[in-house]
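Novice: Any chance you could fold what I've pasted below:
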Amino acid sequence: QVHLAESGGGSVQAGGSLRLSCVGSGYGYSSACMGWFRQAPGKERESVATIYTTGAETKYAESVKGRFTISQDNAKSTVYLQMNSLKPEDTGMYYCAAEGFCEVAAGVGYWGQGIQVTVSS
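Specialist: Numbers count the residues shown, from 1 in each chain. Here you go, the predicted model:
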């Protein structure tokens with residue numbers, strides 16, 4: 001059973017920063033990709049950032065490019081999402097994702113439980 005545990009969410013004013021962490025664990029856990037998705041109330045879950053663990057290739061949603069950075073520590077099976085210059089529209093539940101196709105919600109193999117990020121204006 002693979003388990004993904006997120007941490008680091010919370011509330012911040014617009015322009016502030018937060019760093020999310022996700023630790024993967026479980027029998028034989030390893031994943032070719034990990035990613036972060038977010039879901040605002042009434043909206044679909046959308047990809048925010050993806051990292052491919054072998055070559056460290058990264059991909060970002062247009063709305064977060066230049067503000068968010070995804071990184072990894074393979075030795076710790078951990079992926080991070082550094083979020084700077086946060087905007088109210090970044091508010092939502094953020095989910096860690098692993099395995100499968102990490103850029104599309106329907107393709108993800110495993111999900112974390114989600115963590116709330118709230119950005120006030």
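
Novice: Which strand residues bridge the most centrally placed residue in the chain?
Specialist: For the chain, the residue nearest the mean C-alpha position is Trp36 (2.2 Å; Cα atoms, centre = their mean). Legend: beta-bridge partners of Trp36 under DSSP bridges are Ala49, Cys96.

Novice: For it, give its distance to Ser121.
Specialist: 23 Å (Cβ to Cβ, to the nearest Å). In this view, the C-beta of every residue, glycine as well, is placed from N, C-alpha and C.

Novice: Contact partners for the residue nearest to the centre of the chain?
Specialist: 20, 22, 47-50, 70, 79, 81, 94-97 (Cβ atoms under 8 Å, 6 or more residues apart in numbering).

Novice: between those residues, which is closest to Glu57?
Specialist: Thr50 (8.4 Å; Cβ to Cβ).

Novice: want to throw the contacts of Trp36 into JSON lines with neighbour count?
Specialist: JSON lines is the format used below for the contacts of Trp36 (neighbours: other Cβ atoms under 10 Å):
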{"residue": "Leu20", "neighbour count": "24"}
{"residue": "Cys22", "neighbour count": "25"}
{"residue": "Ser47", "neighbour count": "20"}
{"residue": "Val48", "neighbour count": "24"}
{"residue": "Ala49", "neighbour count": "26"}
{"residue": "Thr50", "neighbour count": "22"}
{"residue": "Ile70", "neighbour count": "22"}
{"residue": "Val79", "neighbour count": "30"}
{"residue": "Leu81", "neighbour count": "26"}
{"residue": "Tyr94", "neighbour count": "25"}
{"residue": "Tyr95", "neighbour count": "23"}
{"residue": "Cys96", "neighbour count": "28"}
{"residue": "Ala97", "neighbour count": "29"}
